[in-house]
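J.: Would you be able to build a 3D model of this:
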Amino acid sequence: MSTTIPQHPLLARLTRGEIVLLDGALGTELERRGVPTRLPLWSAQALLEAPDRVREIHEEYIRAGAEIITAATFRTTPRALRSAGLESESDRLTVSAITLCREARVRAGLDREVWIAGSIAPLEDCYRPELAPPPDAMEREHGEQAVRLKGAGADLLLIETMNSVHEAVAAARGARSTGLPVLVSFICRGERQIWSGESLAEAVL
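T.: Numbers count the residues shown, from 1 in each chain. Here you go, the predicted model:
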């Protein structure tokens, strides 16, 4: 007797062609409110210095209609934190980012579904695809971050601002092992190319 596994509600909606509204930029909003997002940590710096502002932005996006809010985990991998001497803080900061999303969802108090996306970014510089580590290391590190995000309570994984096909593939392979829905986005040079120079059509395939 075969058992049919129910489809995740988000994937079911997308399969039906429904529109799902994501939130907007987090780093831009932090900067607008006077919270610095300097390198090397970008928005992860706010987890240390201004967590209340992060929660506030998430809550405002929910109230504005966002059905997916993106956690401030863009730079909470051990590799990214290493450059700031905070490599051992990866688990704590990842949990903190997801917790702020969950708190914002409760504070918004709306009677509708809001999913929390764990952000997975390029392991190195978003604008320097040549700096990416070897494929095996990429898949392993992205997979470890995906497991970290699932353990912290993410509802789905958003592989974002990918700058090359090979890192996007490595991240997706690592993330799929969690069983969570996985979305992928790219940073583009123009209408037809992603940042690495590869075609957008190739990236989608």
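
J.: Run through who's touching the worst-scoring helix or strand of the chain on mean pLDDT.
T.: Every helix and strand in the chain was compared by mean pLDDT, DSSP states H and E; the lowest is helix 200-204, with a mean of 85. The contact list for helix 200-204 (CB atoms under 8 Å, 6 or more residues apart in numbering) reads 162, 165, 168, 186, 188, 191-194. No exception for glycine: its C-beta is placed from N, CA and C like everyone else's.

J.: Would you map the helices across the protein?
T.: Counting by DSSP state H, one finds helices in the chain at the ranges 9-15, 27-32, 44-49, 51-63, 78-82, 90-108, 135-152, 165-176, 200-204.

J.: now the fourth one, how far from the centre of its chain.
T.: From the chain centre to the centre of helix 51-63 is a distance of 16 Å (CA atoms, centre = their mean, to the nearest Å).

J.: tell me which residues in it are buried?
T.: Residues 51, 53-62 are the ones in helix 51-63 that count as buried (16 or more other CB atoms under 10 Å).

J.: The first one too?
T.: Along helix 9-15, these residues count as buried under the neighbour rule (16+ other CB under 10 Å): L10.

J.: The last one now?
T.: Neighbour-count burial for helix 200-204 flags A203 (criterion: 16+ other CB under 10 Å).

J.: how about the most centrally placed residue in the chain, what does it touch?
T.: Residue closest to the mean C-alpha point of the chain, counted by CA atoms, centre = their mean, is S119 at 1.1 Å. Shown in contact with S119 (CB under 8 Å, 6+ apart): 70-74, 158, 160.

J.: Tell me the pLDDT of it.
T.: In this model, S119 is scored at 97, pLDDT.

J.: do the same with R38
T.: With respect to pLDDT, R38 scores 81.

J.: show me what contacts it?
T.: By CB under 8 Å, 6+ apart, R38 lies in contact with Q45.

J.: how near is it to R82?
T.: 16 Å (CB to CB, to the nearest Å).

J.: Check S96 too.
T.: The gap separating S96 from R82 is 18 Å, by CB to CB.

J.: just for the protein, where's the confidence low?
T.: 1-5, 205 (pLDDT under 70).

J.: Make CSV out of the helices of the chain and add distance to V182.
T.: As requested, the helices of the chain are exported to CSV (distance: least, CB to CB, whole Å):
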stretch, distance to V182
helix 9-15, 10
helix 27-32, 22
helix 44-49, 21
helix 51-63, 21
helix 78-82, 20
helix 90-108, 16
helix 135-152, 8
helix 165-176, 5
helix 200-204, 14
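
J.: Go through those helices and name the closest to L21.
T.: Taking CB to CB, helix 51-63 is the member of the helices of the chain nearest to L21, at 9.3 Å.

J.: I would like the residues contacting the closest one, please.
T.: Helix 51-63 has contacts (CB under 8 Å, 6+ apart) with 23-24, 26, 29-30, 33, 35, 43, 46-47, 69, 72, 96-97, 100-101, 103-105, 107-108, 110, 114.
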